[in-house]
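Novice: Need coordinates for the below:
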Amino acid sequence: MAISRKDSFTLQVLQLSDALLVWFAFWLGGTIRLWMGLGNPEEGLWASMNWVLYIAVPFTPLILERFNFYDHLRHKATSTSMGQILRALAVLVLILGVFAVFAREMDTRRLVLGLGIVLVFFLLFIRDRATYVWLRRRIENEASKERIIIAGSGHEMEELYAELDPEITASWKVVDNFDLGKRDVVELFAILKEKSVSRVVFSAKNTEFEKVARAVEACELQGVEAWIAASFIRSQIARPVFDVIGSKPMLVLRSTPELSWELMVKEIFDRVSAVVIILLSLPLWVLAAIGIMIKSPGAPIFFSQMRAGRYGQPFRMWKFRTMVANAEELLEKIKAEHGNQMEGPVFKLQNDPRIFPFGEFLRKYSIDELPQLLNVVTGEMSLVGPRPLPLYEVEAFCELSHRRRLSVKPGITCEWQAGGRNSISNFEDWVAMDLKYIDNWSLWLDFKILLRTIPAVLFGKGAN
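Specialist: Numbering: from 1, shown residues only. Here you go, the predicted structure:
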């Protein structure tokens, strides 16, 4: 869901304050432990606790956001707030527990950890309720409300106001509905001055641009913000935002995730994780290489193919070879003899005769996909994203809308693979799942898909 710059700034301030509260909670927990005489002051307050802070401080606000903790701040019930914090802390404890086991960080001061988690709950709850009370008082205080004019023609002003979220309009005091079709802009000058207006919201759906332009100029001359609803452009998917090219203001309609710190974190996480997984999985690389050389001698260990990357940019994708050496030359023959289990431009066959026995094992446990981690390291792929398709399959797309799945980096795993859903036989369903992922993308969604991918691989429910 798109949010305004003001709301985005408010969200960032709240997340930063919550991160500081998490740090303070664990600091207070360590201090209490020392007061109880259970610690050695010479060890330092943070002895064996640094790794907890590295995880808890940045990740707690992110987890809270995924549980909608920062939504509906003015109308959120106490029970809702408590439930969101408890669920977020449960996830945090799970992450800390998993890290402690795998990283063997077992010497952490358990009393500090326990006190810290409890204090985090109370501090976050108090901060949330204090924010709620402060915002409610601003709503009830007419003098603190933002003075707004809604401008447009006819009923479009009422329609615009009705479409706005009450969470937003609750802090507004609409001093006038200014009909641009019937009233002169000179009158708007006077109202802006007399009513101490801070913002004019324009509904330009059925209003002449010339009249809107004159009214915007009136706002500009008095330093009043002018907000123009972009409803005059009909878009079903794309989200309108404003940006600049040089000094030229532009209305941008974007149907892909916007450039943000989350995308930057995803990029860093992808590459670092890919390097770590490659190092940890080296024995499997050796096993795959030896097995392919024995079961399919004289042919390459790796299989590479040109695939469509972001925006269709070709790149060479790598896999361990699981088919006979001339598999691509036999494709048309296989299609003629066995058909295609996938409706659409993509070819899929459950028991493809081109796969040699050891290749079936590699595919069952997705070991054949490991070399794609090299593509992730080089930035051509991501850990999570729509699966990259061969160039000839992309060229065969019947619907232009199918190309929107190319608007993000392709990935090693995706929504349907994470669930082991190899029963999909319609390309339209496959594309629909990819587009749903793009439209709802977040770091939290990537994390959930990665977690679901692990059992799909371990139990042999990966891609065929």
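
Novice: For the rest of this, base every contact and every neighbour count on C-alpha atoms.
Specialist: Noted.

Novice: Counting neighbours, which bits of the strand or helix carrying residue 85 end up buried?
Specialist: Element membership for residue 85 (DSSP states H and E) is helix 78-103. Using 16 or more other Cα atoms under 10 Å as the burial criterion, the residues of helix 78-103 that qualify are 81, 82, 84, 85, 88, 89, 92, 93, 96, 99, 100.

Novice: tell me the mean pLDDT over it?
Specialist: In this model, helix 78-103 has a mean pLDDT of 86.

Novice: same for the next helix or strand after that helix, what does it pack against?
Specialist: Proceeding N to C from helix 78-103, the next assigned helix or strand is helix 110-140, under DSSP H and E. In this structure, helix 110-140 packs against helix 5-35, helix 78-103, with contacts taken as 3 or more Cα pairs under 8 Å, 6 or more residues apart in numbering; DSSP states H and E.

Novice: which one of the ones you listed lies closest to residue 131?
Specialist: Nearest to residue 131 among the helices and strands packed on helix 110-140 is helix 5-35 (9.4 Å), distances taken as Cα to Cα.

Novice: Give the rounded mean pLDDT of the closest one.
Specialist: In the prediction, helix 5-35 has an average pLDDT of 84.

Novice: That helix - contacts with which helices or strands?
Specialist: Contacts defined by 3+ Cα pairs under 8 Å, 6+ apart place helix 5-35 against helix 50-66, helix 110-140.

Novice: ok so residue 206 is a helix residue?
Specialist: No: secondary structure of residue 206 (DSSP: H, G, I helix; E, B strand; the rest coil): coil, not part of a helix.

Novice: hang on, the earlier thing: now tabulate the helices and strands packed on helix 5-35 in CSV and tack on mean neighbour count and distance to residue 305.
Specialist: Shown next, in CSV, are the helices and strands packed on helix 5-35 (neighbours: other Cα atoms under 10 Å; distance: least, Cα to Cα, whole Å):
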stretch, mean neighbour count, distance to residue 305
helix 50-66, 18, 37
helix 110-140, 17, 49
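
Novice: can you give me the strands in this protein?
Specialist: Counting by DSSP state E, the segments of the chain that form strands are 146-152, 172-179, 199-203, 225-229, 239-245, 248-254, 302-308, 314-320, 382-384, 411-413.

Novice: Mean neighbour count, those strands: which tops it?
Specialist: When the strands of the chain are scored by mean count of other Cα atoms under 10 Å, the highest mean neighbour count falls to strand 382-384 (a mean of 25).

Novice: Outside of that one itself, list whatever touches it.
Specialist: With Cα atoms under 8 Å, 6 or more residues apart in numbering as the test, strand 382-384 has contacts from 267, 270, 274, 373, 376, 409-414, 446, 449-450.

Novice: min pLDDT across those, which one?
Specialist: residue 414 (86).

Novice: Next up, the contacts around the residue nearest to residue 306 when sequence neighbours are not counted.
Specialist: Spatial nearest neighbour of residue 306, excluding adjacent residues (Cα to Cα, 6 or more residues apart in numbering): residue 316 at 4.5 Å. Contact analysis of residue 316 by Cα under 8 Å, 6+ apart lists 304, 305, 306, 307.
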